[in-house]
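Participant: can't give you the sequence, but here's the structure:
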């Protein structure tokens, strides 16, 4: 057993999605597309007699992380440092689950493969209702297109072969669990239309168009978000809403050009990695 | 149309493999496992009236690159800078094919997805007989396990969730095309045994054991290579032979510890990326 290990997991902004429930959490998930980010979460795992989880120095309960530790039979102290706010559409819970799986596998020498670790983290996240597609996207990196839902044994991924500078501003939290617990028919219909568009033209610009159309059709826009997206459009920029958070993300200098003071990062070429 | 674009593609050392021919080059390929490397190939594509290819400033004919340019209807000047020798088991031809596909797609705005570009480069490489599994591995990055052969539409990939410093020395070239044109039954049998081992225990150490056993059973070891691997073992290190080249690679400081003056790099977390 090693003393400790640290994994970095990129943040993930979902531009649009459709939900795909299944009794088996490793088969459930979402289709959709989004951006993984150089802003992410660093997760350090150290064996302990009792499992505890801290995020940015504060004790926190994150069900998917607890589930991952139990599945790996790995009682540990988990310390996470996030560049990103939780609950604002950046996949922080997914990053914590996946980072815990990758780091705990290393520390406890569990000898699992990448796909097995992704499956454990994805299943834990789906079971907790905190996300449906972040984990598989964060394992791949880049600009993932999720063509088929679920863990790596059953899903199908593609990607937009591009990179971009990314800006974002956050106005507050939206509960993924609450949205997913509501009626998702209209949302999933909009998500399927958006996915067809991206499959036909897998470019960054088409991702932004499809994401904006999805946000409108799924009726998820808040007034702050809608106004900011309009401001960016007025400055000839490309912005949309992060699913699910009260967050606007833009390509290049979209938000700066519109007079905002955004956080700045970029798409992250790699998926989750041990440091 | 853009003026030019540059892609970086990691080198790829195959530790073991089995061949899987198919009349359709996008379905043909290999199973196996190996390491992608921070030493790789940078490929710059610039539109031109007639296609030309240069590697490290020298004009060169590389069939897979020509095929990729033709498939993308992208006459271009291709300039590649390689950290690695060609023909020595580092997947330089695969890197050039994939890098050309990714950069040309960007320059000529062909709007293809990542999987489509990988399929084009993989098919071109298989058709030319210069490689069977490098392209799909180089598109993924990390330490890929190729569970099922072929392009992304049909293959199945996993990975060893680890990172490593990698050292290598090269004694000369081996022709992949010549080996693949010979009787590959014994080789493929050894490759399947090695893959079972890795699937059961997907760790770096198990990759090195399986690779050494494969090199012996497939009868591909040259005397220089065999001697060097023994020297590293005598210094308690882990080394094996790059398939297919007269190259020895080692984890950590394996070759240095044995008194060699190796090139030094590391596993590359990401697959091919636009710069």
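Facilitator: Ah, there it is. This structure is a prediction, so every number in the text was calculated from the model and none was measured. Numbering: from 1, shown residues only, chains lettered A, B, ... in the order given.
Participant: which pLDDT value belongs to residue A:192?
Facilitator: With respect to pLDDT, residue A:192 has a value of 96.
Participant: near chain B, which residues of the stretch 101-250 of chain A are found?
Facilitator: Proximity of the stretch 101-250 of chain A to chain B (C-beta under 8 Å from any C-beta of the partner chain) is limited to residues A:102, A:105-106, A:111-115, A:117, A:141-142, A:145, A:152, A:158-163, A:199, A:201-203. To be clear about C-beta, it is placed using only N, CA and C from the backbone, and glycine gets the same treatment.
Participant: if any of these are buried, put those into a PyMOL selection.
Facilitator: Those of those that count as buried under 16 or more other C-beta atoms under 10 Å in any protein chain shown are selected in PyMOL with:
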select buried, chain A and resi 102+105+106+111+112+113+114+115+117+141+142+145+152+158+159+160+161+162+163+201+202+203
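Participant: the residues of the stretch 101-250 of chain A next to chain B in helices, which ones?
Facilitator: With helices taken from DSSP state H, the overlap with these comprises A:102, A:105, A:106, A:114, A:115, A:117, A:199.
Participant: so which of these is the closest to residue B:255?
Facilitator: residue A:106 (24.3 Å; C-beta to C-beta).
Participant: contacting residues around that closest one?
Facilitator: Contact analysis of residue A:106 by C-beta atoms under 8 Å, 6 or more residues apart in numbering or on different chains lists A:2, A:5, A:7, A:45, A:274, B:161, B:162.
Participant: so how far is chain B from the first one?
Facilitator: To tie it back to what came earlier, the one meant is residue A:2. Distance, residue A:2 to chain B, by C-beta to the nearest C-beta, to the nearest Å: 12 Å.
Participant: all helices of chain A, in order?
Facilitator: Going by DSSP H, chain A shows helices at A:63-71, A:92-107, A:114-128, A:134-140, A:176-181, A:185-200, A:204-217, A:223-234, A:254-257.
Participant: touching the fifth one from outside, list them.
Facilitator: Going back to what we said before, that points to helix A:176-181. A:19, A:87, A:128, A:129, A:130, A:131, A:132, A:187, A:220, A:244.
Participant: and the average pLDDT for that helix is what?
Facilitator: Rounded mean pLDDT across helix A:176-181 is 76.
Participant: picking up where we left off before, can I get the contacts of residue A:106 in TSV including pLDDT and distance to residue B:227?
Facilitator: Shown next, in TSV, are the contacts of residue A:106 (pLDDT from 0 to 100; distance: C-beta to C-beta, whole Å):
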residue	pLDDT	distance to residue B:227
A:2	85	33
A:5	98	36
A:7	98	38
A:45	98	41
A:274	96	33
B:161	98	33
B:162	97	28
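Participant: biggest separation within these, which pair?
Facilitator: A:45 and B:162 (14.9 Å).
Participant: contacts only, for the closest residue to residue A:15 other than its chain neighbours.
Facilitator: In space, and not counting its chain neighbours, residue A:15 is closest to residue A:211: 3.2 Å by C-beta to C-beta, 6 or more residues apart in numbering or on different chains. By C-beta under 8 Å, 6+ apart, the contact set of residue A:211 is A:15, A:16, A:33, A:194, A:240, A:241.
Participant: so which of these is the closest to chain B?
Facilitator: Using C-beta to the nearest C-beta, residue A:33 is the member of those that sits closest to chain B, with 10.6 Å.
Participant: how about the residue lying closest to that closest one once chain neighbours are set aside, what does it touch?
Facilitator: Of all residues beyond its chain neighbours, the one nearest residue A:33 is residue A:145 (4.6 Å), with distances taken as C-beta to C-beta, 6+ apart. By C-beta under 8 Å, 6+ apart, residue A:145 lies in contact with A:32, A:33, A:157, A:158, A:159, A:160, A:195, A:198, A:199, A:202, B:113.
Participant: how about these in TSV, adding pLDDT and distance to residue A:97?
Facilitator: Below are those laid out as TSV (pLDDT from 0 to 100; distance: C-beta to C-beta, whole Å):
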residue	pLDDT	distance to residue A:97
A:32	98	18
A:33	98	21
A:157	98	18
A:158	98	23
A:159	98	22
A:160	98	25
A:195	98	24
A:198	98	26
A:199	98	28
A:202	98	27
B:113	98	27
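Participant: adding distance to residue B:216, write these out as TSV.
Facilitator: Formatted as TSV, the contacts of residue A:145 follow (distance: C-beta to C-beta, whole Å):
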residue	distance to residue B:216
A:32	47
A:33	46
A:157	36
A:158	39
A:159	38
A:160	43
A:195	48
A:198	48
A:199	46
A:202	44
B:113	41
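Participant: nearest to residue A:173, of the residues you listed?
Facilitator: Distances from residue A:173 to these, taken as C-beta to C-beta, are shortest for residue A:32 (20.0 Å).
Participant: in contact with the closest residue to that closest one other than its chain neighbours, which residues?
Facilitator: Among residues not flanking residue A:32 along the chain, residue A:17 sits closest, at 3.2 Å (C-beta to C-beta, 6+ apart). Under the criterion of C-beta under 8 Å, 6+ apart, the contact list for residue A:17 reads A:30, A:31, A:32, A:132, A:133, A:146, A:187, A:191, A:214, A:243.
Participant: of those - the most surrounded one?
Facilitator: Neighbour counts for those, by other C-beta atoms under 10 Å in any protein chain shown, peak at residue A:133, which reaches 30 neighbours.
Participant: which residues touch the residue nearest to residue A:272 when sequence neighbours are not counted?
Facilitator: In space, and not counting its chain neighbours, residue A:272 is closest to residue A:9: 4.4 Å by C-beta to C-beta, 6+ apart. Taking C-beta under 8 Å, 6+ apart as the criterion, residue A:9 is in contact with A:40, A:41, A:43, A:94, A:95, A:96, A:98, A:99, A:102, A:138, A:271, A:272.
Participant: hmm, back to that, any idea which of the contacts of residue A:17 is closest to residue B:260?
Facilitator: residue A:146 (45.0 Å).
Participant: gap between the closest one and chain B?
Facilitator: 13 Å.
Participant: what ranges in the stretch 151-275 of chain A fall below the confidence cut-off?
Facilitator: Scanning the stretch 151-275 of chain A with the threshold set as pLDDT under 70 gives no residue ranges.
Participant: how about the contacts made by residue A:48?
Facilitator: A:75, A:76, A:77.
Participant: tell me which of the residues you listed is nearest to chain B?
Facilitator: The nearest member of these to chain B, counting by C-beta to the nearest C-beta, is residue A:76 at 16.6 Å.
Participant: my guess is the closest one meets residue A:44, correct?
Facilitator: No - using C-beta atoms under 8 Å, residue A:76 is not in contact with residue A:44; the gap is 9.4 Å.
Participant: higher neighbour count, the two?
Facilitator: Between residue A:76 and residue A:44, counting by other C-beta under 10 Å, residue A:76 is the more crowded of the two (26 against 20).
Participant: and the residue lying closest to the more buried one once chain neighbours are set aside, bridged to which residues?
Facilitator: In this structure, residue A:76 finds its nearest non-sequential neighbour in residue A:45, 4.8 Å apart by C-beta to C-beta, 6+ apart. Under DSSP bridges, the beta-bridge partners of residue A:45 are residue A:5, residue A:78.
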